[in-house]
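**Student:** starting from these lines, generate the structure:
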Amino acid sequence: MDEDVIVRRGERGLVSVLTMEYRPYNLLGPTLIGAIAAEVTAAQEAGSRAIVLRSGLRHFSAGADVNLFDSRIEQGGRREAAISGVDFLKLLELLPIPIVASVHGVCLGGGFELALACDYIVAASSAKIGSVEVALGLHPLLGGIQRQVQRAGAMRAKEISMLGRRYDAATLERWGLVNLVVADDALEDATFTIAEELAHGPTVAHAATKRLVHIAVNEGILAADEMAEIQKPIWASDDLKIGLASFRENGPGLAKFTGR
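**Tutor:** Next up is the predicted model:
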């Protein structure tokens, strides 16, 4: 990994905490994307049952590293990277454990797209979020438009990308692009409350849920209906046995899952 890139991975119980510190503004490009991908994979291999993606700098991410665009222009739009943007999105969206994005400061351009690839977004009330690529003569390059259409509809997606404005977190929460907005000083506690709830849940079922959502979004409801095999690991899991036994003995909501 490049010595100038820091994506610190720490553990908080069952939760892996990935803290981006790619100075000055966590600018997205092959280097930071590669570092995030490596740490996400390492967290999974270490047995983590949820991941928090956050920033240790003033902002979550100010967008893409525009210095990379000159070479892409010369190459006719092609890019050379260890992991493509599409593969990176698939890695996050199909990772069999939940990822919670914790957003503060500005979250713009590629940073917004990074957050949208996570499973849950908690944002500080003062955060400013948007797709601002139009100011450069571009539009979102890392799947942002598609995911805005999916969650907020075509009209809002066109507004966000074509006007290039910075929105407050509460507006994007109303539009279905942010899950939860909290006071700035409550961001850390709120993020870990959600992450720990997910981490203590039935991990095998969470993985199946993520996979089924991905199929429904990309291939349609009929395709998802025909993917009954996605549920097979759940029926073989220890967590299902634990959940059923706990329900019968103590009622709902008291099971202590193992993630297996």
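**Student:** strands along the stretch 151-260 of the chain, start to end?
**Tutor:** Secondary structure of the stretch 151-260 of the chain (DSSP state E, counting those that start in this stretch): strands at 167-168, 180-182.
**Student:** can you tell which of these is closest to residue 231?
**Tutor:** Closest of the strands of the stretch 151-260 of the chain to residue 231 is strand 180-182, at 28.3 Å (criterion: CB to CB). C-betas here are computed from N, CA, C, even on glycine.
**Student:** quick one, grab the pLDDT at residue 185.
**Tutor:** Model confidence at residue 185, given as pLDDT, is 98.
**Student:** how near is it to residue 126?
**Tutor:** Shown here: residue 185 relative to residue 126, a distance of 10 Å by CB to CB, to the nearest Å.
**Student:** out of the two, which sits in the more crowded spot?
**Tutor:** In terms of neighbours (other CB atoms under 10 Å), residue 126 is the more surrounded of residue 185 and residue 126; the figures are 13 against 9.
**Student:** wait, doesn't that one sit right on residue 107?
**Tutor:** No. Taking CB atoms under 8 Å as the definition, residue 126 is not a contact partner of residue 107, at 11.4 Å.
**Student:** immediately after the helix or strand of the chain with the lowest mean pLDDT, which helix or strand?
**Tutor:** In the chain, the helix or strand scored least confidently by mean pLDDT, DSSP states H and E is helix 69-74, which has a mean of 56. Following the chain from helix 69-74 toward its C-terminal end, the next helix or strand by DSSP states H and E is helix 85-94.
**Student:** my read: residue 50 touches residue 196, true?
**Tutor:** Yes. Here residue 50 lies in contact with residue 196, judged by CB under 8 Å, at a distance of 7.3 Å.
**Student:** between the two, what contacts are shared?
**Tutor:** Shared between the contact lists of residue 50 and residue 196 (criterion: CB atoms under 8 Å, 6 or more residues apart in numbering) are residues 14, 15.
**Student:** neighbour count: these two, which is higher?
**Tutor:** Legend: neighbour count by other CB under 10 Å for residue 50 and residue 196, higher for residue 50 (29 against 18).
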